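[1] Next comes the sequence, and after it the predicted model I'd like to discuss.
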Amino acid sequence: MLPESSDVNPYLQQEVLSASPLRLRWMLIQRSVELCGLVEQLWSSGLDAASNQWLLSVREILGELLDGIQDADNPLSKPLTDFYLYLLQLAFEIDKHRDRDQLRVLTELLEFESETWRIVVEKASSESVAHLPAQPIFPAVGPASHTPTHHLQSFASPTFESQSFESLPGGFSLEV
């Protein structure tokens, strides 16, 4: 179910549309940590049925993160694949048994993963800033094939068709 357009946070939407693949991955992991916390709150409030939707979203995010591991030649692919398969299995067990201890384990593992990706994103960002030319440029931006689904705020990112703007003031060329 897609949210109404009034439910879309324009700041978050822009952040998702302009984020690098590394940052998107980190944002998805952060969202899964938040959802694990929400499930814990719902269980504490006795709203077990409502927690089902959010546990499903956690599993969808984990599946999306697993799907994002595509480079079989990368030596980290197999351990990462195994890690996300373990997290998915853990999420299924949590859903099946309503086990708070397993939910805490999943949350802690995701928090650790989030911190790891935060460091990766910061390092990549600082390296890219160090390589910027003296004069700012505006890079061409194509359609984002790496845009995640609705998991970041339960909204689907709109799809934009590529358009070229041949001559903008100042001699810049942008593709959106």
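    Alright, I've got the coordinates.
[2] longest helix in the protein, by residue count?
    helix 100-130 (DSSP state H).
[3] List the buried residues for stretch 97-112?
    Neighbour-count burial for stretch 97-112, counted by 16 or more other Cβ atoms under 10 Å, picks out 102, 103, 106, 107, 109, 110, 111. Where C-beta positions appear, they are placed from N, C-alpha and C, glycine not excepted.
[4] give the contact list for the closest residue to the first one other than its chain neighbours.
    Leaving out its chain neighbours, the residue that sits closest to residue 102 by Cβ to Cβ, 6 or more residues apart in numbering is residue 94, at 4.8 Å. Contact analysis of residue 94 by Cβ atoms under 8 Å, 6 or more residues apart in numbering lists 39, 55, 102, 103, 106.
[5] Just give me the closest of these to residue 65.
    Of all the contacts of residue 94, residue 65 sits closest to residue 106, with 13.1 Å by Cβ to Cβ.
[6] In this model residue 92 seems to touch that closest one, though I could be wrong.
    No - the pair residue 106 / residue 92 is not scored as a contact, 10.6 Å apart, by Cβ atoms under 8 Å.
[7] Which of the helices or strands spans the residue nearest to residue 68 when sequence neighbours are not counted?
    Once flanking residues are discounted, residue 68 sits nearest to residue 25: 6.4 Å by Cβ to Cβ, 6+ apart. Using DSSP states H and E, residue 25 sits in helix 21-44.
[8] now swap in residue 74 and tell me
    Take DSSP H and E as the rule and residue 74 turns out to sit in neither a helix nor a strand.
[9] Can you give me the buried ones in the next helix or strand after the helix holding residue 25?
    As assigned by DSSP H and E, the chain's next helix or strand after helix 21-44 is helix 48-67. Neighbour-count burial for helix 48-67, counted by 16+ other Cβ under 10 Å, picks out 51, 54, 55, 57, 58, 59, 60, 61, 62, 64, 65.
[10] Need those residues in JSON lines (columns: distance to residue 116).
    Formatted as JSON lines, the buried residues of helix 48-67 follow (distance: Cβ to Cβ, whole Å):
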{"residue": "51", "distance to residue 116": "27"}
{"residue": "54", "distance to residue 116": "23"}
{"residue": "55", "distance to residue 116": "23"}
{"residue": "57", "distance to residue 116": "22"}
{"residue": "58", "distance to residue 116": "18"}
{"residue": "59", "distance to residue 116": "21"}
{"residue": "60", "distance to residue 116": "21"}
{"residue": "61", "distance to residue 116": "16"}
{"residue": "62", "distance to residue 116": "15"}
{"residue": "64", "distance to residue 116": "17"}
{"residue": "65", "distance to residue 116": "12"}
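[11] Run through the chain and note the low-pLDDT ranges.
    Residue ranges of the chain with pLDDT under 70: 1-7, 11-16, 18, 129-176.
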